[in-house]
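Visitor: coords please:
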Amino acid sequence: MDGAASLNGDRNHGLVVSTYFKGATVGKGLGTAGYSYEFVRQLFAPLMKRWGEVIFVKDAAREVEQAGRQLRAKSLRPIHVGFVACQDLYLSPSMPNVVVPAWEFPDVPNEGFDSNPQNDWIATSNRCDLVIAHVPFTARALIRSGVTSPVREVPVPMPQSYFDVPSRSPMAAPLSLDANAYVFQGSAGSGAGGRTVIPNGGAPRRTIKSILRSSMSAGKNVARTLTPDFVWSTMQLFKSEYVRKQAIKNIDHPLTNPIDLSGIVYTSIFNPADGRKNWRDLITGFVTAMKDCEDATLVLKLVTKDPEFFYDVYDCYRKTRVIPHRCKVVMIREYLSDPQMMKLLEASSYYLTTTRAEGNCLPLMNYLAAGRPGITAAHTAIGDYFDNEVGFVVNSNLTPAYWPQELRPKYRTSWHQPVWTSLVDQLRRSYDVAKHDRATYERLSRNGRARMHDWLSEERVYPLLRDALDLVAHGETRSIRRAA
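Guide: Numbering: from 1, shown residues only. Got it, this is the predicted structure:
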C-alpha cells in the first residue's frame, strides 16, 4: 500500500483507490489487459488528494479492507474507488464502492458469462454506490442499459503540461528524438527502394497464427476483420516461445538512433494486439495517401513488448512496399519516458487513429490539448469531443462486435469500421492544409486546445469529481437510487 495525504478543510472521509497496478506508468505491463487504467488513475491522483486522504492499494482483494481500517483509525470514513473494468472490481463489504470504468460500446453486458457474475456490468454497477463515467457516450450506454446506481460524468483530467506545449509549424526545422526506431524511407516498388525481405529464406513465414489463418474456410475474412482480438488471443494459446523469440530477428533492417522528425509528421500510439485499433487500414491508408509526399512521416509508437505483434505491424508495412511511395514510416517499439513522449508530441503535426471504438482515446485528447489536430472517425467516446472544428473526420460504418473480455465471443453489440477511401481522402486534405493553408491549420490547432481546456483542465474537472465523491460521502446516492 502507498499512502498519500492532503486533507481538504474539515472533510472526514478518505479514499482507498485500487486499479490493476501493472507498472504501466514506468513501462511495465504495456499492452496487457487493463494497463491503460493505471494511467487514468495517475491522472486523477492529484485531484483525489485535494478531496481527501488517499491510500493506493496494489492488491485490492488483500489490501482494501486493511486500508479502510487505517483510515478509520484516523477517524476518517473510507470510500473505495476502483479504476477497473466492472468484471475485475473488488466490492468492499465494509465501505461504499465507486467504480470508474471505461466503456466503448453502445450496449453493456447484462449476463455473467464465462463463470464470472461480475461480467454482468449492469448488476455489478448496481451493487456500487456510484459509477463515474468519463464521457457522455459511456454514461448514456450505462443508463440506457439499466444501471440504476447514480452515474456521474467526470472526464479524465489533462495535465497543464499538454496545454503548454508550443505550437509548431509543419514546415519547421527537424526535431531529434533520442530513441531507437526502424525508419523506412520510401519505396520504388517490390525489390527496390530498400530491402524488401521475405523472411525465412524466401518461404512464407509459418507460425501457428499463419497456419490457423490459412486453414480457415470461407469465413476467414470475417474472423480477421471483425474479430481480430479473438483470433489473436486464440493463437497466443498455441504459439511457441521459439516463434516469439524468432519473429523480431526476421526484420532485416537496421535500427536508427536518434530519429530526425521533420516535415508533416503524423503520430499514432496503439497496442497492435488490440482488435479495436484497425492499424492495417492506418498503414495502408497512409502509404496510399502520401505516396508522392517525401516530407510526410508516419510515426507508429507501438504499445507492446511482444515481438510477434511488432512483427505483424512490420510485415503489414513490408507488404505495402510494392506500392511505390516516397513517404517515411517510423516504428518505435521501445518504452519512451514522459520527456521522450512529449518530444514526440512536439515534433508532430497531427494525431492519426483508425480505431473502431474508444472509451476515451487519451493520446488523441493529449494531442488536441497540445494544438495538434486529429484525423479520425468521430464515433463512440471520440464523437463526444471530436469534429471538423478540431481535425479531419473520417467516415465510418456500423458493424457487428462482441464484448472484448468474453472468451467465446458472440456478436452482441456494434462498433464503427472507418471507411478506407474516406481515410485516404482526409489524409490528403490534412497534408494540403498543413502545407498550403496555414490559417486553417492554426484555427484547428487553437480550437483543439480550447475545447480540451474547457472540458479536461484540472480546474474544470475537480469540481465534478468533488461533487461526485460528496454524493457518496453524504449518503445521498441511496436517495438518488430510490428516486430513479
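
Visitor: ok, which stretches of the stretch 351-484 of the chain are strands?
Guide: 374-377, 391-394, 396-401, 413-418 (DSSP state E, counting those that start in this stretch).

Visitor: The last one - contacts with which helices or strands?
Guide: Packing partners of strand 413-418 (3 or more Cβ pairs under 8 Å, 6 or more residues apart in numbering; DSSP states H and E): strand 374-377, strand 396-401. Backbone N, C-alpha and C define where each C-beta goes, glycine included.

Visitor: From the contact counts, what lies against the first one?
Guide: Read it as strand 374-377. So strand 374-377, by 3+ Cβ pairs under 8 Å, 6+ apart, packs with strand 350-352, helix 362-369, strand 391-394, strand 413-418, helix 420-436.

Visitor: Which residue would you name as the spatial centre of this protein?
Guide: Centre of the chain computed as the mean C-alpha position; nearest residue by Cα atoms, centre = their mean is C361, 4.7 Å away.

Visitor: Average pLDDT for stretch 170-182, rounded please.
Guide: On average, the pLDDT along stretch 170-182 is 88.

Visitor: Please work out which residues outside that stretch touch it.
Guide: 251, 253, 255-265, 314, 330-334, 336, 340, 343-344, 346-347, 349, 434-435, 441 (Cβ atoms under 8 Å, 6 or more residues apart in numbering).

Visitor: domain assignment for the protein?
Guide: Following automatic domain parsing, one finds the domains of the chain at 2-157+458-478, 161-196+241-456.

Visitor: mind checking pLDDT for the residue nearest to the centre of the chain?
Guide: As predicted, C361 sits at a pLDDT of 96.

Visitor: is it true that C86 touches S125?
Guide: Yes. Contact criterion Cβ atoms under 8 Å: C86 and S125 qualify, at 6.2 Å.

Visitor: what's the overlap in contacts for the two?
Guide: V99.

Visitor: which one of the helices and strands packed on strand 413-418 lies closest to L407?
Guide: strand 396-401 (15.7 Å; Cβ to Cβ).

Visitor: buried set for the closest one?
Guide: By 16 or more other Cβ atoms under 10 Å, the buried positions in strand 396-401 come out as 396, 401.

Visitor: tell me the angle of it relative to helix 420-436?
Guide: Computed by axes from the mean of the first three to the mean of the last three Cα atoms, to 10 degrees, the angle separating strand 396-401 from helix 420-436 equals 140 degrees.

Visitor: And strand 396-401, what does it pack against?
Guide: If contacts are counted by 3+ Cβ pairs under 8 Å, 6+ apart, strand 396-401 sits against helix 220-226, strand 413-418.

Visitor: and those, which one is worst for confidence?
Guide: helix 220-226 - the lowest mean pLDDT of the helices and strands packed on strand 396-401, at a mean of 43.

Visitor: could I get the helices and strands packed on strand 413-418 as CSV with mean pLDDT and distance to A473?
Guide: As requested, these are arranged in CSV below (pLDDT from 0 to 100; distance: least, Cβ to Cβ, whole Å):
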stretch, mean pLDDT, distance to A473
strand 374-377, 98, 38
strand 396-401, 96, 38
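
Visitor: who wins for proximity to F21 among those?
Guide: Using Cβ to Cβ, the helices and strands packed on strand 413-418 put strand 396-401 closest to F21, at 28.6 Å.

Visitor: Okay, now the sheet partners of the closest one, with direction.
Guide: Strand 396-401 has the following sheet partners, assigned by DSSP bridges: strand 413-418 (antiparallel).

Visitor: I'd like to know which elements the helix or strand harbouring Q66 is packed against.
Guide: Element membership for Q66 (DSSP states H and E) is helix 60-73. Other elements packing on helix 60-73 under the criterion 3+ Cβ pairs under 8 Å, 6+ apart are strand 13-18, strand 53-57, strand 77-82.

Visitor: Any idea which of the ones you listed gets closest to A141?
Guide: It is, among the helices and strands packed on helix 60-73 and with distance given as Cβ to Cβ, strand 77-82, at 18.7 Å.

Visitor: Check which helices and strands that closest one sits against.
Guide: strand 13-18, helix 60-73, strand 97-99, helix 458-473.

Visitor: Same list, the ones you listed, but as JSON lines with mean neighbour count please.
Guide: Converted to JSON lines, these look like this (neighbours: other Cβ atoms under 10 Å):
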{"stretch": "strand 13-18", "mean neighbour count": "26"}
{"stretch": "helix 60-73", "mean neighbour count": "17"}
{"stretch": "strand 97-99", "mean neighbour count": "25"}
{"stretch": "helix 458-473", "mean neighbour count": "18"}
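
Visitor: okay, and for the protein, where does confidence drop off?
Guide: Judged by pLDDT under 70, the chain has its weakly predicted residues at 1-10, 23-32, 188-250, 477-484.

Visitor: I'd like the helices and strands packed on helix 60-73 laid out as JSON lines, including distance to R168.
Guide: Below are the helices and strands packed on helix 60-73 laid out as JSON lines (distance: least, Cβ to Cβ, whole Å):
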{"stretch": "strand 13-18", "distance to R168": "36"}
{"stretch": "strand 53-57", "distance to R168": "36"}
{"stretch": "strand 77-82", "distance to R168": "37"}
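
Visitor: who wins for proximity to V108 among these?
Guide: strand 77-82 (16.9 Å).

Visitor: Pull the residues that contact stretch 66-83.
Guide: 1, 3, 12-19, 37-38, 40-41, 44, 48, 52-53, 55, 57, 60, 64, 89-90, 92, 94-100, 129, 469, 472-473.

Visitor: D107 touches A141, doesn't it?
Guide: Yes. With contact defined as Cβ under 8 Å, D107 counts as touching A141 (6.8 Å).

Visitor: quick one: which of those two has more around it?
Guide: Neighbour count, other Cβ atoms under 10 Å: between D107 and A141, A141 has more, with 24 against 15.

Visitor: so the more buried one sits in a strand?
Guide: No. Read with DSSP: H, G, I helix; E, B strand; the rest coil, A141 is helix and lies in no strand.

Visitor: how close does it get to E104?
Guide: Per Cβ to Cβ, to the nearest Å, A141 is found 9 Å from E104.

Visitor: Then K343?
Guide: 29 Å.

Visitor: Which residue ranges of the stretch 251-400 of the chain form helices?
Guide: Applying DSSP state H, counting those that start in this stretch to the stretch 251-400 of the chain gives helices spanning 279-289, 307-320, 338-347, 362-369.

Visitor: Please name whichever of those is nearest to L300.
Guide: Using Cβ to Cβ, those put helix 307-320 closest to L300, at 6.5 Å.

Visitor: Identify each buried residue in the closest one, please.
Guide: Those would be 307-318, 320, for helix 307-320 by 16+ other Cβ under 10 Å.

Visitor: I'd like those as CSV, with distance to F286 appended.
Guide: CSV is the format used below for these (distance: Cβ to Cβ, whole Å):
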residue, distance to F286
P307, 23
E308, 23
F309, 19
F310, 18
Y311, 19
D312, 17
V313, 13
Y314, 15
D315, 16
C316, 11
Y317, 10
R318, 14
T320, 9
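
Visitor: And these, which is closest to P418?
Guide: For the buried residues of helix 307-320, the nearest to P418 is C316 (15.9 Å; Cβ to Cβ).
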